[in-house]
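Chemist: build me a model from this:
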Amino acid sequence: MSKSKGNVLYADTLVDFFGVDAVRYFVLHEMPFDNDGIISWELMVERMNSDLANILGNLVNRTISMSNKYFEGVVRDGGIKDEFDEDLKAVVLEEVKKVSEKMEKLRVADAITSIFNIFRRSNKYIDETAPWTLAKDEASKARLETVLYNLTEAITIGASLLASFMPETSAKILSQLNTTKRELPQMNEFGLYPSGNKVTDKPEILFARMDMKEVMEKVEAMHTAAEGTTEEKESPEDDGIDIEAKAEIEYEDFAKLQFQVGEIIACEAVAKSKKLLCSKVKIGSQVKQIVSGIKAHYSPEEMVGKKVMVVVNLKPAKLAGVLSEGMLLCAEDAQGNLSLMVPEKAMPSGAEIC
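Modeler: Residues are numbered from 1 along each chain as shown. Down below sits the predicted model:
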């Protein structure tokens, strides 16, 4: 890694893109006890999509959604078992032992792999039992209840084990299942989830899939800005700031951008981010939510009431898991100080900037 080349990955920046628990998972899982690890934007996005969004997030969402669709959210053990159930239980209980053994040897990455083996086996169990097929036959109702109960129990155990590594995610899963975290001694038995318990009506998306191209475009823009800032800081004696010129564009390209005056009516810090503020910006008759990396320069209280210049037709994106629907225009000096661009004269909210 080289700071001058702009390829250093800072934890704060990763959190702004992916959220705290996703970064926790990546760093702990990709850094083996006695080997080198690899960190890259591409691998982070890949893990986010495959492990967190698909293996874990999709499993939780499908299980809760099927419970609501077929049994109004009530999870019961129907008592109708088959060979798939026994294999699921055996794998879950074996992985619990492996997690304990790996942590005794401080092999955190291996322990996390064992936890995700529970989620992988649960996904396979869905394919094996095909709940959507069982739901078509009234005579299979008790069997379907058993399948969804076993899935809920397996997820409960996996989420409880996950608490030490991804505490926020663990808490969200257990809350949606309407249960509490199990302690390790309670995980040597399968079937402790209370039969007849009711899960949440609307499952929350734990991790959203990310578009690799969009992420890499943002990273490239961030690196370009960082390189320009480095060059500026090397010449503090200059009266002005010279930044690297970008390629010329046609007027039609510029005309695609829509700038308007907005008024900030509410603002708060984004949880678990050292850089981000989330502002509610009134633009004419509408209100947009905009996330900005200006927490080091403005407090939420300072932001409220300001008239600002806004790019209003920027494609919405999530930063640290919070949706942003535009961009506030700022200027930056050689020392990295930011200043919001504000109208020189009093202008109404929604006024077009041209």
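
Chemist: which parts of the stretch 201-350 of the chain are helices?
Modeler: Shown for the stretch 201-350 of the chain, the helices assigned by DSSP state H, counting those that start in this stretch span residues 212-233, 251-255, 300-303.

Chemist: what is the mean pLDDT for the longest one?
Modeler: For helix 212-233, mean pLDDT rounds to 69.

Chemist: in contact with residue 143, which residues?
Modeler: Applying CB atoms under 8 Å, 6 or more residues apart in numbering to residue 143 gives the contacts 78, 80, 82, 134. (Each C-beta comes from the backbone N, C-alpha and C, glycine too.)

Chemist: got the buried residues for the biggest strand by length in the chain?
Modeler: Longest strand in the chain, counting residues (DSSP state E): strand 259-269. The neighbour-count check on strand 259-269 (16 or more other CB atoms under 10 Å) flags 259-264, 267 as buried.

Chemist: hang on, the earlier thing: top of the contacts of residue 143 by number of neighbours, please.
Modeler: Neighbour counts for the contacts of residue 143 (other CB atoms under 10 Å) peak at residue 134, which has 20 neighbours.

Chemist: mind checking which of the contacts of residue 143 are in helices?
Modeler: residue 134 (DSSP state H).

Chemist: out of the contacts of residue 143, which one sits closest to residue 57?
Modeler: residue 134 (23.5 Å; CB to CB).

Chemist: make sure that closest one is actually in contact with residue 147.
Modeler: Yes - applying CB atoms under 8 Å, one finds residue 134 in contact with residue 147, separated by 6.8 Å.

Chemist: any low-confidence regions in the stretch 151-300 of the chain?
Modeler: For the stretch 151-300 of the chain, applying pLDDT under 70 flags the ranges 223-245.

Chemist: can you give me the strands in the chain?
Modeler: Chain-ordered strands for the chain, with DSSP E as the definition, fall at 74-75, 197-198, 259-269, 277-283, 286-292, 307-311, 317-319, 322-324, 327-328, 330-332, 338-340, 352-353.

Chemist: format the contacts of residue 143 as JSON lines; extra columns: distance to residue 122 and pLDDT.
Modeler: Listed next are these as JSON lines, based on distance: CB to CB, whole Å; pLDDT from 0 to 100:
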{"residue": "78", "distance to residue 122": "18", "pLDDT": "94"}
{"residue": "80", "distance to residue 122": "18", "pLDDT": "92"}
{"residue": "82", "distance to residue 122": "16", "pLDDT": "92"}
{"residue": "134", "distance to residue 122": "16", "pLDDT": "95"}
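
Chemist: dump the contacts of residue 143 to a markdown table, plus distance to residue 50.
Modeler: Below are the contacts of residue 143 laid out as a markdown table (distance: CB to CB, whole Å):
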| residue | distance to residue 50 |
| --- | --- |
| 78 | 32 |
| 80 | 33 |
| 82 | 29 |
| 134 | 28 |
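
Chemist: sorry, back to before: now the buried residues of strand 259-269 in CSV, with distance to residue 321?
Modeler: Compiled in CSV, those are given as follows (distance: CB to CB, whole Å):
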residue, distance to residue 321
259, 27
260, 26
261, 29
262, 23
263, 26
264, 21
267, 18
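
Chemist: what is the nearest of those residues to residue 347?
Modeler: Proximity of these to residue 347 (CB to CB) peaks at residue 261, which lies at 4.8 Å.

Chemist: residues in contact with the nearest residue to the closest one once chain neighbours are set aside?
Modeler: Once flanking residues are discounted, residue 261 sits nearest to residue 351: 4.3 Å by CB to CB, 6 or more residues apart in numbering. Shown in contact with residue 351 (CB under 8 Å, 6+ apart): 260-261, 343.
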